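K.L.:
What would the 3D arrangement of this be:
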Amino acid sequence: MTATDPTGRTGSLLHPRDEIMQTMDRIYRFRMTTTSGGNLSIRDSAGDVWISPARVDKGNLTRDDIVCVRADATIEGRHPPSSEYPFHRAIYEARPDVGAIVHAHPVALVAFSICRSTPNTRLFHQAYTVCGDVGFAKYACPGSRQLGTNIAETFAAGSDSVILENHGVVVGGRSLGDAFERFEAFEFAGKTLIKAGRLGEVRYLTDAQLEQAAARSVDFESFHPPVATSVERELRRQLGEFLRRGCRQRLLISTEGSFSARVDTQSFLITPTQRDRERIRAEDFVLVSGPRREAGKRASRAAAAHQAIYDKHPGVMSIVLAHPVNATAFSVTDTPLDVRTIPESYVFLRDVHRVPYGVQYRDDGKIADHVSESSPAALLENDGVLVTGRSVLDAFDRLEVLESTAEAVINARAVGEVTPMPDRVIDELRRTFHLE
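P.N.:
Predicted coordinates for the structure are as follows:
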């Protein structure tokens, strides 16, 4: 939880014990570490370091398990601090701007670590921006002073996300929330690269393309909307529920994706920008009406693209832009995603087309030409997927089907030749389900 108090101080209002406990719960729940692996720390304003303990089950961590290493090196807690505390301390000494550290062994980044390689995060703009500079630290024995030296030198050179040779990954951030987001985005980039590598040559973004994404802005006037109707309140509830479900099913992550729902012919609700997607609540969604957005809130930078689609397609009632790993793997290669795999995939998605890079960032509304009620999903080149629906549930369901289909197609390559359903089957499905 981040907030600004009346004195103007900005930061988490949670105690470091609770921040570490809650963040470790997310990392463990998302299978990005094991019972015995990984450690988190926070350096507070007094110079004390709060850190997860040694030899305690990460799946049942409590606030009382968290250890404090005071600035004078005294230790407070029922357990010894993590055996990796020396490299945490070395990073903090090397980087005064780092306020929190995440170390873990997520499978994709471990794959890079044992191949002595680092992921190229130029897959899509958000990964490149969130992960920061990527580095590589040479192997040294866990818990050793040499390991701390190797990692600290890499951070001192400007790296924010560091692959440890034959070990795992360490990321730093201004806060633990910042470090977690960086860690999560880094692992997702690694997973996407691995999946994309099975499909063909991976396409990376140029400096100009990265700048195009960074330069987009949302130019809406501010307004104070009337009291929310029951329709709006229900849509806020649904969006929050499915956004959290999407994060827990790994269809979205904390820093990526936008979800919206049409309220009426003139307005829609959308996710706010720069907010942890899993922690967004009903009151956080931003109401956009014509050229105006709800006062005191910042709408997603994708709001203009959502608005263009709603304006052109009256039957579209909900929109999701997301980066699920398997479907995004298709978006960063030239391999087409043929969804004529099983009846559900085709009935829900029809043919999934590819949108050239950057169309969704432009202010000409052309993104609306690439989807419709009869063509509800598209791959956004190097930017994940776009899915529309007749309701919030329908859009989410299609996102699930799209990602499941993409994963099945990738997995099928290890089994044999992928055989799409023939035209006669597609014609039968179109007749049976009255598809346009």
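
K.L.:
How about the residue nearest the centre of the chain: what's its closest non-neighbour residue?
P.N.:
The chain has I253 as the residue nearest its centroid, 2.7 Å off, counting by C-alpha atoms, centre = their mean. Spatial nearest neighbour of I253, chain neighbours left out: E184 (5.1 Å); criterion: C-beta to C-beta, 6 or more residues apart in numbering. To be clear about C-beta, it is placed using only N, CA and C from the backbone, and glycine gets the same treatment.

K.L.:
Spell out which helix or strand contains the one you found, please.
P.N.:
Assigned by DSSP states H and E, E184 belongs to helix 176-197.

K.L.:
Which strands or helices does that helix pack on?
P.N.:
The elements that helix 176-197 packs onto, with contact taken as 3 or more C-beta pairs under 8 Å, 6 or more residues apart in numbering; DSSP states H and E, are helix 16-29, strand 39-43, strand 100-104, helix 107-114, helix 125-131, strand 161-164, strand 168-173, helix 325-331.

K.L.:
Pull the distance from the following helix or strand past it to the chain's centre.
P.N.:
Going down the chain from helix 176-197, the next helix or strand is helix 207-215, by DSSP H and E. Computed by C-alpha atoms, centre = their mean, to the nearest Å, the chain-centroid distance of helix 207-215 equals 19 Å.

K.L.:
And for stretch 376-385?
P.N.:
Chain-centre distance of stretch 376-385: 15 Å, with C-alpha atoms, centre = their mean.

K.L.:
And for stretch 154-165?
P.N.:
On C-alpha atoms, centre = their mean, the centre of stretch 154-165 falls 21 Å from that of its chain.

K.L.:
Count residues in the vicinity of C115, would you?
P.N.:
Using other C-beta atoms under 10 Å, C115 is surrounded by 11 other residues.

K.L.:
Now for V67, how many residues are close by?
P.N.:
Neighbour tally, V67, other C-beta under 10 Å: 23.

K.L.:
distance of it from V352?
P.N.:
Remark: distance between V67 and V352 (C-beta to C-beta, to the nearest Å) = 50 Å.

K.L.:
repeat for A303
P.N.:
If you measure A303 against V352 using C-beta to C-beta, the figure is 24 Å.

K.L.:
Same question for S331.
P.N.:
Distance of S331 to V352, given as C-beta to C-beta: 10 Å.

K.L.:
which residues are common contacts for these two?
P.N.:
Residues touching both S331 and V352 (C-beta atoms under 8 Å, 6 or more residues apart in numbering) are L379.

K.L.:
what about these two, which has more around it?
P.N.:
A direct count of neighbours by other C-beta under 10 Å for S331 and V352 places S331 higher, at 28 against 24.

K.L.:
Of the helices and strands packed on helix 176-197, which is nearest G240?
P.N.:
helix 16-29 (17.2 Å; C-beta to C-beta).

K.L.:
Any figure for the gap between the nearest residue to N166 once chain neighbours are set aside and D219?
P.N.:
Residue nearest to N166 in three dimensions, not counting chain neighbours: Y139, with 5.1 Å by C-beta to C-beta, 6+ apart. Going from Y139 to D219 by C-beta to C-beta gives 50 Å.

K.L.:
Would you check how far apart the nearest residue to R122 once chain neighbours are set aside and T192 are?
P.N.:
Nearest residue to R122, sequence neighbours excluded (C-beta to C-beta, 6+ apart): Y204, at 4.1 Å. Distance check for Y204 against T192: by C-beta to C-beta, it reads 12 Å.

K.L.:
list residues touching both of those two?
P.N.:
Shared contacts of Y204 and T192, defined by C-beta under 8 Å, 6+ apart, are found at L123, V332.

K.L.:
With neighbour numbers in mind, choose between those two.
P.N.:
Between Y204 and T192, counting by other C-beta under 10 Å, T192 is the more crowded of the two (27 against 15).

K.L.:
Do I have it right that that one meets A327?
P.N.:
No: between T192 and A327 there is no contact under C-beta atoms under 8 Å: 9.6 Å.

K.L.:
if I pick A140, what's in contact with it?
P.N.:
By C-beta under 8 Å, 6+ apart, A140 lies in contact with Q146, L147, T149, N150.

K.L.:
Among the residues you listed, which ones are in strands?
P.N.:
Among the contacts of A140, no member falls in strands (criterion: DSSP state E).

K.L.:
quick one: which of these is nearest to S375?
P.N.:
Here the nearest of these to S375, counting by C-beta to C-beta, is N150; it sits at 51.2 Å.

K.L.:
Next, the contact list for the nearest residue to V169 once chain neighbours are set aside, please.
P.N.:
Leaving aside its chain neighbours, V169 sits nearest to L109 (4.4 Å; criterion: C-beta to C-beta, 6+ apart). If you count contacts by C-beta under 8 Å, 6+ apart, L109 has them with P119, I163, G168, V169, F186, E187, G190.

K.L.:
Same list (the residues you listed) but as JSON lines, adding neighbour count.
P.N.:
Compiled in JSON lines, these are given as follows (neighbours: other C-beta atoms under 10 Å):
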{"residue": "P119", "neighbour count": "25"}
{"residue": "I163", "neighbour count": "27"}
{"residue": "G168", "neighbour count": "21"}
{"residue": "V169", "neighbour count": "29"}
{"residue": "F186", "neighbour count": "29"}
{"residue": "E187", "neighbour count": "26"}
{"residue": "G190", "neighbour count": "29"}
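
K.L.:
which regions of the protein lie under the pLDDT threshold?
P.N.:
The model of the chain has pLDDT under 70 over residues 1-12.

K.L.:
all helices of it, in order?
P.N.:
Taking DSSP state H as the test, the helices found in the chain are 16-29, 85-94, 107-114, 125-131, 145-156, 176-197, 207-215, 230-248, 303-312, 325-331, 343-349, 392-412, 423-432.

K.L.:
any idea which of these is most buried?
P.N.:
With neighbours defined as mean count of other C-beta atoms under 10 Å, those peak in mean count at helix 325-331, which reaches a mean of 26.

K.L.:
and the contacts of L109, which two are the farthest apart?
P.N.:
Of all pairs drawn from the contacts of L109, the greatest distance, 13.3 Å, lies between P119 and G168 (C-beta to C-beta).

K.L.:
Go ahead and confirm the residue nearest to the centre of the chain touches L243.
P.N.:
No: I253 sits out of contact with L243 when judged by C-beta under 8 Å, with a separation of 11.3 Å.

K.L.:
anything in contact with each of these two?
P.N.:
Residues touching both I253 and L243 by C-beta under 8 Å, 6+ apart: R277.

K.L.:
Would you check that my belief about the residue nearest to I253 contacting S254 is correct?
P.N.:
Yes: counting by C-beta under 8 Å, S254 is a contact partner of E184 at 5.9 Å.
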